[in-house]
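Undergrad: Sequence isn't available, so here's the structure alone:
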């Protein structure tokens with residue numbers, strides 16, 4: 001061995017470049033903001049699709065806490081019971097919080113976020129400020145009035161986070177090693193990668209902005225709900241982007257270019273041609289409420305609404321049929337609901353005392369239909385149960401009718 005030779009002590013891993021450490025730590029912080037703070041959620045319903053095991057557990061936690069609080073206090077009118085769900089890509093923790101009333105000897109008051117942005121639709125009503133959820137104490141899993149956890153979902157979230165952190169750290173480190181740790185060296189492939197990522201981002205932004213312009217949401221901002229066609233058409237917009245971006249932003253209003261029209265309601269057939277033509281501008285429309293009898297020719301236009309999955313129809317005998325401007329225009333009534341099969345619906349809501357058992361059975365035969373919601377229909381429980389047995393693949397649910405609560409006995 002020559003005097004200058006050094007003993008072979010085995011290969012050692014090179015130290016990470018400081019920028020690689022910075023990228024790794026920044027990724028960890030961003031993942032913590034996405035995964036750990038929670039979001040307030042409403043009661044899960046089948047409108048968002050079939051309720052999975054987690055959503056059922058979340059609803060059960062809310063109801064069990066409400067009943068326990070009622071037994072303890074005796075009244076829940078002044079209490080605000082909310083559920084906060086945590087986790088990404090799968091929710092693993094649900095906490096229930098009770099505000100404005102003592103529970104188990106403690107009184108909880110809503111905390112104030114330390115980050116908030118002034119609302120840009122303040123002139124249309126609502127709160128003056130839009131809060132950033134992860135800057136609010138209540139959104140962090142520090143305390144609760146009840147909770148439930150899914151350990152398998154927690155494991156999935158941790159594995160996803162570890163994979164992302166390792167991928168960022170290793171790829172950044174190798175990027176610097178390929179340049180002999182010269183941070184600002186730029187190669188042709190780096191330029192091509194940068195151009196590709198930039199083009200992809202601008203393409204996504206341009207795509208959504210073009211749709212928003214078609215929907216009438218840009219360049220002038222619109223409130224969450226607004227009217228068109230001389231107030232004959234009411235539409236509502238909501239967030240349609242990735243969940244991780246919404247959680248990272250802290251409020252679904254902030255990534256505004258991901259907002260699209262997702263629900264609409266047509267009041268009458270007075271201006272039906274213009275209204276149904278307007279619906280074709282909403283590629284993200286999934287929920288639509290229509291007057292009971294609407295022109296048959298409108299079904300052809302609704303076929304072009306590829307995202308339409310939920311349809312609500314009302315047939316009350318106390319309401320006069322809504323005439324079309326042209327009396328000779330054929331309308332879709334309760335006897336020819338088979339026309340709806342062309343729409344490939346998942347949920348159909350029928351409301352009104354004109355709806356009989358044979359009408360429900362008729363729509364239960366529609367191919368692809370998964371759920372039928374009923375409200376104030378002229379069919380008893382036995383008839384509906386018989387239809388359930390005949391069509392076990394279709395979920396038939398009777399919705400609560402608030403009108404019966406306030407209806408005068410006379």
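TA: Sure thing, it's come through. Computed from a predicted structure; not experimentally measured.
Undergrad: Just after whichever helix or strand residue 30 is part of, pick out the following helix or strand.
TA: Here residue 30, judged by DSSP states H and E, is contained in helix 18-35. Counting by DSSP H and E, the next helix or strand C-terminal to helix 18-35 is strand 39-41.
Undergrad: Mind giving me the packing neighbours of that following strand?
TA: strand 80-86 (3 or more CB pairs under 8 Å, 6 or more residues apart in numbering; DSSP states H and E). Where C-beta positions appear, they are placed from N, C-alpha and C, glycine not excepted.
Undergrad: follow-up on the earlier one: what mean pLDDT does the helix holding residue 30 get?
TA: For helix 18-35, mean pLDDT is 93.
Undergrad: hmm, who's touching it?
TA: 16, 86-88, 134, 157, 161, 164-165, 168-169, 172-173, 175-176, 183, 244, 247-248 (CB atoms under 8 Å, 6 or more residues apart in numbering).
Undergrad: Produce a PyMOL select command limited to the buried residues of those.
TA: For the buried members of the contacts of helix 18-35, the matching PyMOL selection, counting by 16 or more other CB atoms under 10 Å, is:
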select buried, resi 16+86+87+88+134+157+161+165+168+169+172+173+175+176+247+248
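Undergrad: Tell me which of the contacts of helix 18-35 fall in helices.
TA: 157, 161, 164-165, 168-169, 172-173, 175-176, 244, 247-248 (DSSP state H).
Undergrad: Farthest-apart pair in those, please.
TA: 176 and 247 (30.2 Å; CB to CB).
Undergrad: In contact with residue 283, which residues are there?
TA: 211, 260, 305-307.
Undergrad: rerun at 7 Å
TA: 211, 306-307 (CB atoms under 7 Å, 6 or more residues apart in numbering).
Undergrad: likewise residue 115?
TA: Taking CB under 7 Å, 6+ apart, one finds 132, 135 in contact with residue 115.
Undergrad: okay, it: pLDDT?
TA: On the pLDDT scale, residue 115 gets 92.
Undergrad: how far away is residue 101 from residue 232?
TA: Distance, residue 101 to residue 232, using CB to CB, to the nearest Å: 43 Å.
Undergrad: Check what contacts stretch 150-158 and list those residues.
TA: Under CB under 7 Å, 6+ apart, the answer for stretch 150-158 is 35, 54, 87-92.
Undergrad: Any idea how far it is from the middle of the chain?
TA: 22 Å (CA atoms, centre = their mean, to the nearest Å).
Undergrad: With stretch 281-297 instead?
TA: 20 Å.
Undergrad: What residues of it count as buried?
TA: Neighbour-count burial for stretch 281-297 flags 281-282, 284-295 (criterion: 16+ other CB under 10 Å).
Undergrad: which residue ranges form the strands in the stretch 101-250 of the chain?
TA: 102-103, 106-107, 116-118, 129-131, 146-149, 225-228, 233-239 (DSSP state E, counting those that start in this stretch).
Undergrad: out of those strands, deepest packed?
TA: With neighbours defined as mean count of other CB atoms under 10 Å, these peak in mean count at strand 233-239, which reaches a mean of 19.
Undergrad: circling back to that earlier point, out of the strands of the stretch 101-250 of the chain, flag the one nearest residue 367.
TA: strand 233-239 (28.1 Å).
Undergrad: For that closest one, enumerate the helices and strands it packs against.
TA: strand 225-228, strand 259-266 (3 or more CB pairs under 7 Å, 6 or more residues apart in numbering; DSSP states H and E).
Undergrad: Same list (those strands) but as a markdown table, adding mean pLDDT.
TA: What follows is those, written out as a markdown table (pLDDT from 0 to 100):
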| stretch | mean pLDDT |
| --- | --- |
| strand 225-228 | 91 |
| strand 259-266 | 95 |
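Undergrad: which one of the buried residues of stretch 281-297 sits closest to residue 385?
TA: Distances from residue 385 to those, taken by CB to CB, are shortest for residue 292, at 25.0 Å.
Undergrad: what's near enough to touch that closest one?
TA: 313-315, 352.
Undergrad: do residue 290 as well
TA: Applying CB under 7 Å, 6+ apart, the residues near residue 290 are 266, 313.
Undergrad: quick one on the thing from earlier: the helix holding residue 30: which residues count as buried?
TA: In helix 18-35, counting by 16+ other CB under 10 Å, buried: 20, 23-24, 27, 31, 33-35.
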